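>>> The following comprises the amino acid sequence and a computationally predicted model.
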Amino acid sequence: MAFFSTQPPYMNPVVPFTGIIQGGLQNGLQITLQGTVHPFPNRIAVNFQTGFSGNDIAFHFNPRFEEGGYVVCNTKQNGKWGPEERKMQMPFQKGMPFELCFLVQRSEFKVMVNKNFFVQYSHRVPYHLVDTISVSGCLHLSFINFQNSTAAPVQPVFSTMQFSQPVQFPRMPKGRKQRTQGFQPAHQAPVAQTIIQTVHSIPGQMLSTPGIPPMAYPTPAYAVPFFTSIPNGFYPSKSIVISGVVLSDAKRFYINLRCGGDIAFHLNPRFNEKVVVRNTQINNSWGPEERSLPGRMPFSRGQSFSVWILCEGHCFKVAVDGQHICEYRHRLMNLPDINTLEVAGDIQLTHVQT
């Protein structure tokens, strides 16, 4: 059946994520994921599967960061994995943004990472059986976009990036082995813009209004001070992301992980002192401060930043702009009770992922 339209993108999906592929996989469908790899990655998995159970996975794309980094590709049928195909190359960088594209063709999937061809994977089961995408592992997702690469380009209804045309995948001559191309890391994206495009609704289709270009509006910043709940609190492997811009005349700002009236973790950059203070407050009393860092002050006035806080069994790990800066041993041990995030001070807050 001809493929005429694509579904709206999934915006800022929480990982692990499982979502429907409307109409299933079809020849010419291009699926693009954009996001950022955690600073402390272990594995990432993107599965194209039948249903939500995970027993039937047509294509398992699985970057693993151990042993120098490599990518496993495989298929699972009736709960049993087939033989692995491994590529001993890691196309993703810790703490860095990425673009990952999958193009469905009649005989194989073709995969691009940061606009460079990476691997192709021959179908072991009929691809039209796939109706679900699943993403898990050490990454933050900005969006998952669906586009028909054989039709006229279509803008997503809401997107943080503008899409001008499908990614071009190189043709592979029969009998030739693929040639590895150089990896060029993606650059940090600027502050996101929301793309709003007028659409007409037709049963079963989402069509762009011809001749009307999309309009871009700056994404509104979060109000500061900012409070939000952390679903299910913390546990080992749980992470949160806070991004923003430091004001040009900033004195300080802080990020608090709260446990009721207590503060389990207080992260407090102070620009006049050029330190990042870490502490815990219990029953309105502060404990001893931790101030030392292995390098220079990681925040700068007037500059954007992204803070990743990863929970492990004994500590929080903190990275700024993809660089590890410190560990903070837990002083409040009941991690699931740490369920509120507070951000305040001299910043413009642009993104929060809990």
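Right, received. Where do you want to start?
>>> how about the helices in the stretch 151-300 of the chain?
In the stretch 151-300 of the chain, no segments count as helices under DSSP state H, counting those that start in this stretch.
>>> Give me the below-cutoff pLDDT ranges for it.
Residues of the stretch 151-300 of the chain that meet the criterion pLDDT under 70 lie in 151-221.
>>> hmm, 90 instead?
151-223, 231-232, 236-244, 294-296 (pLDDT under 90).
>>> all strands in it, in order from the N-terminus.
For the stretch 151-300 of the chain, the strands defined by DSSP state E, counting those that start in this stretch occupy 158-159, 193-196, 199-202, 205-208, 215-218, 226-229, 239-246, 253-259, 262-270, 275-282, 285-286.
>>> contacting residues around the longest one?
I take that to be strand 262-270. The contact list for strand 262-270 (C-beta atoms under 8 Å, 6 or more residues apart in numbering) reads 251-258, 275-283, 297-299, 307, 309, 316, 318, 328, 330-332, 338. The C-beta positions use only the backbone N, C-alpha and C, and glycine is treated the same way.
>>> and that strand, how far from the chain's centre?
Relative to the centre of its chain, strand 262-270 is centred 25 Å away, using C-alpha atoms, centre = their mean, to the nearest Å.
>>> could you check the angle strand 253-259 makes with it?
For strand 262-270 against strand 253-259, the angle by axes from the mean of the first three to the mean of the last three C-alpha atoms, to 10 degrees is 170 degrees.
>>> Strand 262-270 vs strand 239-246, what angle?
Angle, strand 262-270 to strand 239-246, by the same axes, to 10 degrees: 40 degrees.
>>> Quick check: closest non-adjacent residue to Pro83.
Once flanking residues are discounted, Pro83 sits nearest to Asn74: 7.5 Å by C-beta to C-beta, 6 or more residues apart in numbering.
>>> Which residues are in contact with the one you found?
Asn74 makes contact with 57, 60, 62, 81-85 under the criterion C-beta under 8 Å, 6+ apart.
>>> what sits against Phe146?
By C-beta under 8 Å, 6+ apart, the contact list for Phe146 reads 6-7, 9, 21-22, 29-31.
>>> Show me what it is bridged to.
Beta bridges link Phe146 to Ile31, judged by DSSP bridges.
>>> residue contacts, Asp249?
By C-beta under 8 Å, 6+ apart, the residues touching Asp249 are 301, 346.
>>> mind checking how far it is from Arg301?
From Asp249 across to Arg301, the span is 7 Å (C-beta to C-beta, to the nearest Å).
>>> same question, Ser136
When C-beta to C-beta is the yardstick, Ser136 and Arg301 sit 37 Å from each other.
>>> same question, Ala319
20 Å.
>>> Looking at these two, which is more packed in?
For Ala319 against Arg301, the residue with the higher neighbour count under other C-beta atoms under 10 Å is Ala319, and the figures read 22 against 13.
>>> For beta bridges, what are the partners of that one?
Beta-bridge partners for Ala319, by DSSP bridges, are Trp308, His324.
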